[in-house]
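Chemist: Requesting a structural model of the entry that follows:
(one chain, ligands or ions: 2)
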Amino acid sequence: MAEETSHYDVVVLGAGAVGENVADRASRTGLSVAVVEPALVGGECSYWACMPSKALLRPGDAVAAAQAVPGADAAVTGRLDPAAVLARRDEVAAHWDDAGQVAWVEGAGLTLLRGHARFTGPRTLVVDGADGTERVVTARCAVVVATGSLPVVAETFATVRPWTSREATSAHRVPERLAVVGGGVVATELATAFADLGSDVTVLVRGGRLLTGAEPFAGQAVARALADRGVRVVVGATVTSAVRDDAGVHLDVVHRAVDGAGNDTGGPERLTVDEVLVATGRRPATDDLGLETLGLRPGGALEVDDRLQVAGVDGGWLFAAGDVTGRTATTHQGKYDARVVGDVIAARFDPRPADAGDALGGPSRQDEAAAVPWSRYRATADTAAVPQVVFTRPQVAWVGRTQEQAAHAGLDVEVLTYELGDLAAATVTAAGYEGRAQLVVDTRRDVVVGATFVGPDVADMLHAATIAVVGEVPLSRLWHAVPSYPTLSEVWLRLLEAAGR
Ligand SMILES: Cc1cc2nc3c(=O)[nH]c(=O)nc-3n(C[C@H](O)[C@H](O)[C@H](O)COP(=O)(O)OP(=O)(O)OC[C@H]3O[C@@H](n4cnc5c(N)ncnc54)[C@H](O)[C@@H]3O)c2cc1C
Ligand SMILES: NC(=O)c1ccc[n+]([C@@H]2O[C@H](COP(=O)([O-])OP(=O)(O)OC[C@H]3O[C@@H](n4cnc5c(N)ncnc54)[C@H](O)[C@@H]3O)[C@@H](O)[C@H]2O)c1
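Modeler: Ligands and ions are numbered 1, 2, ... in the order given. Next up, the predicted model:
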């Protein structure tokens, strides 16, 4: 049943973390903004990704931290209480109730349209409501697609009701036996969490190592730590069939495995588990957006430039941000893109008198038109300095280029490494603290282009490195950034000493 047409200046598809931020910023010069969302306002991150997964990981970290300190260890001798961990996770996920975020959207002066949006032509959409209503919505100025991504699940698992990250992060029961297929960020974090909760976990990795986006030593450290906690990590593994019956899910796996002595112990095996978590990557959610009416291909990523403007559509009205672009797959980077695209739209379509932005110091039409890299209207960091933290134990944090990526880019690099366990702060933090920091230095420009930290509590060390990379701070100036004693940040001093300072 079609209703009357509603007109807005800007329409944002998706009220995930990215869509919310786009909408808020785009409205800052007085544009009317509608956000369309068929599910929970807040999207994946709040209810099925970042927040619940970190809530599942934190208790194990807290216990491990105490157990690593002689004297404190005696106070922490029990096991985690899975029911209490899951209950706290429920709270962190707001019990999958978006009332708080709806209140925020409405308080920000945005219009929330509940339903699934699809294009019927340029700047025109139909919003299908859950109650069967169809509302036509037009955008006078711009449309931003922020519909996120969906897990990739191979046909092999079609009949066994596998877990994706959604079922894992919202689970209300801890499986006795869990297989995790994949070796990326979701696989390593959730293998860690469920091992902490008491599952017998097997990780089936297609390639030769974990976390292939990071420096090789990072994945090796995580694999070692998982093995030490009784998790079986099988490399070179392919699941050839999956069947569920009353006894569980039976997986036929072919793999190669090498034992400590270098012997090949691999081969085909049948693995029976209670649940199988498929964590084999995500794909942009663009299947059913009506993109074909705009001359775009459904199903793929929406390719954008540094203004987040979609390539291949005339008129400068279509933008995309977040996971749907295939350019970024973290909340923080998606929100950075959201700030950029929101500012571009607020400035370009500013309804106020021509110089209003300049006079008030806010978004400015002239500045946007003349924008250069590193201005607020260009997502320059997406190519120069993307930070990522993996909340495994040990944590893995990196920004910018790995050694291999820097070499691939033709840079002359020097690689500086330091074992974090040799720092005074490590001695105080934990008995037998193990970790490593590595800087990739562009020797021609004398600046850091990449940094990796692996170890307990390194997540918050990353931002100093991000500032060094974004700021292109010369090593000669970094030398004057004095780290406090005894903190893990003293590693910066040791790394600079290794560079001959
Ligand atoms: C298990 C897991 C853990 C993660 N942990 C972290 C972490 O710790 N830190 C981090 O930075 N990142 C993390 N991520 C990544 C992060 O969750 C995503 O990068 C982020 O959620 C992407 O935000 P988004 O707004 O682009 O998409 P989403 O959050 O997916 O939001 C998209 C929204 O669009 C809506 N939508 C879809 N189609 C339509 C349509 N046709 N019309 C209208 N609306 C539509 C959807 O319902 C959804 O609400 C994690 C991911 C996973 C899977
Ligand atoms: N802490 C965080 O910031 C955080 C946490 C979780 C997820 N995320 C984001 O979510 C995104 C998705 O995470 P992900 O772990 O699903 O993807 P990923 O790209 O990190 O890892 C996918 C893994 O699946 C493997 N794989 C792919 N196809 C396979 C197949 N057919 N069979 C077996 N293995 C296969 C890959 O080799 C890889 O190991 C990531 O890009 C990440 O940025 C971020």
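
Chemist: Could you chop this structure up by domain?
Modeler: 6-42+98-150+283-382, 47-92, 172-278, 394-498 (automatic domain parsing).

Chemist: Out of those, which is closest to ligand 2?
Modeler: domain 172-278 (1.9 Å; Cβ to the nearest ligand atom). The way it works is simple: take the backbone N, C-alpha and C, and place the C-beta from them, glycine included.

Chemist: and that closest one, is it in reach of ligand 1?
Modeler: Yes - Domain 172-278 reaches ligand 1 (Cβ under 6 Å from any ligand atom) through V186.

Chemist: Start at 58, not 1
Modeler: Will do, 58 is the new start, and the previous item becomes domain 229-335.

Chemist: right, is that domain up against ligand 2?
Modeler: Yes - Domain 229-335 comes into contact with ligand 2 (Cβ under 6 Å from any ligand atom), by way of V238, G239, G240, G241, V242, V243, A244, E246, R263, G264.

Chemist: What distance separates the opening and closing residues of that domain?
Modeler: 18 Å (Cα to Cα, to the nearest Å).

Chemist: which other residues reach stretch 276-296?
Modeler: By Cβ atoms under 8 Å, 6 or more residues apart in numbering, the residues outside stretch 276-296 that reach it are 211, 213-214, 238, 240, 245, 248-249, 252-253, 257-269, 308-314, 323, 447, 449-451, 453, 491-493, 511.

Chemist: With mean neighbour count and mean pLDDT as new columns, can the domains of the chain be given to me in a markdown table?
Modeler: Output for these, formatted as a markdown table (neighbours: other Cβ atoms under 10 Å; pLDDT from 0 to 100):
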| stretch | mean neighbour count | mean pLDDT |
| --- | --- | --- |
| domain 63-99+155-207+340-439 | 20 | 96 |
| domain 104-149 | 16 | 97 |
| domain 229-335 | 19 | 93 |
| domain 451-555 | 19 | 97 |
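
Chemist: Can you add distance to R223 and give these back as CSV?
Modeler: Listed next are the domains of the chain as CSV, based on distance: least, Cβ to Cβ, whole Å:
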stretch, distance to R223
domain 63-99+155-207+340-439, 10
domain 104-149, 4
domain 229-335, 10
domain 451-555, 23
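
Chemist: and the stretch 108-257 of the chain, which residues reach ligand 2?
Modeler: So far as Cβ under 6 Å from any ligand atom goes, the stretch 108-257 of the chain lies against ligand 2 at A211, V238, G239, G240, G241, V242, V243, A244, E246.

Chemist: Widest-spaced pair of these?
Modeler: Farthest-apart pair in these is A211 and E246; separation 20.5 Å (Cβ to Cβ).

Chemist: Can you tell me the element the residue of the chain positioned farthest from its centre falls in?
Modeler: Going by Cα atoms, centre = their mean, the residue of the chain most distant from its centre is P410, 39.2 Å out. Taking DSSP states H and E as the definition, one finds P410 inside no helix or strand.

Chemist: What residues does it make contact with?
Modeler: Counting by Cβ under 8 Å, 6+ apart, P410 makes contact with nothing.

Chemist: Could you measure from it over to T86?
Modeler: Applying Cβ to Cβ, to the nearest Å, the value for P410 to T86 is 11 Å.

Chemist: Show me what residue of the stretch 208-357 of the chain gets nearest to ligand 1.
Modeler: Distances between the stretch 208-357 of the chain and ligand 1 by Cβ to the nearest ligand atom are smallest at S222, namely 3.6 Å.

Chemist: actually the stretch 408-557 of the chain, not the one I typed
Modeler: Of all residues in the stretch 408-557 of the chain, F448 sits closest to ligand 1, at 6.3 Å by Cβ to the nearest ligand atom.

Chemist: For I402, see how far away that residue is.
Modeler: Using Cβ to Cβ, one gets 33 Å for the distance from F448 to I402.

Chemist: hang on, the earlier thing: turn the residues of the stretch 108-257 of the chain next to ligand 2 into JSON lines, columns for secondary structure.
Modeler: Listed next are those as JSON lines, based on DSSP: H, G, I helix; E, B strand; the rest coil:
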{"residue": "A211", "secondary structure": "coil"}
{"residue": "V238", "secondary structure": "strand"}
{"residue": "G239", "secondary structure": "coil"}
{"residue": "G240", "secondary structure": "coil"}
{"residue": "G241", "secondary structure": "coil"}
{"residue": "V242", "secondary structure": "helix"}
{"residue": "V243", "secondary structure": "helix"}
{"residue": "A244", "secondary structure": "helix"}
{"residue": "E246", "secondary structure": "helix"}
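
Chemist: So which residues of the stretch 158-307 of the chain form helices?
Modeler: With DSSP state H, counting those that start in this stretch as the criterion, the stretch 158-307 of the chain has helices at 222-226, 242-253, 273-285.

Chemist: Around ligand 1, pick out the residues from this protein.
Modeler: Applying Cβ under 6 Å from any ligand atom, we find that the chain lies next to ligand 1 at 70-76, 93-96, 100-102, 106-107, 110-111, 173-174, 203-205, 222, 226, 243, 342, 346, 379-380, 386-389, 391.

Chemist: repeat that with 5 Å
Modeler: 70-71, 73-75, 93, 96, 100-102, 106-107, 110, 173-174, 204-205, 222, 243, 379-380, 386-389, 391 (Cβ under 5 Å from any ligand atom).

Chemist: re earlier: what do P410 and T86 both touch?
Modeler: Common neighbours of P410 and T86, using Cβ under 8 Å, 6+ apart, do not exist here.

Chemist: Any idea how far apart the tips of stretch 275-293 sit?
Modeler: In stretch 275-293, first residue to last residue: 18 Å (Cα to Cα).

Chemist: That should have said stretch 472-491, apologies.
Modeler: From its first residue to its last, stretch 472-491 covers 20 Å (Cα to Cα).

Chemist: likewise stretch 287-306?
Modeler: Distance across stretch 287-306, first residue to last, is 21 Å (Cα to Cα).

Chemist: now the strands: where do they sit in the stretch 108-257 of the chain?
Modeler: In the stretch 108-257 of the chain, the segments counted as strands under DSSP state E, counting those that start in this stretch are 168-171, 173-178, 181-185, 191-202, 206-208, 234-238, 257-261.
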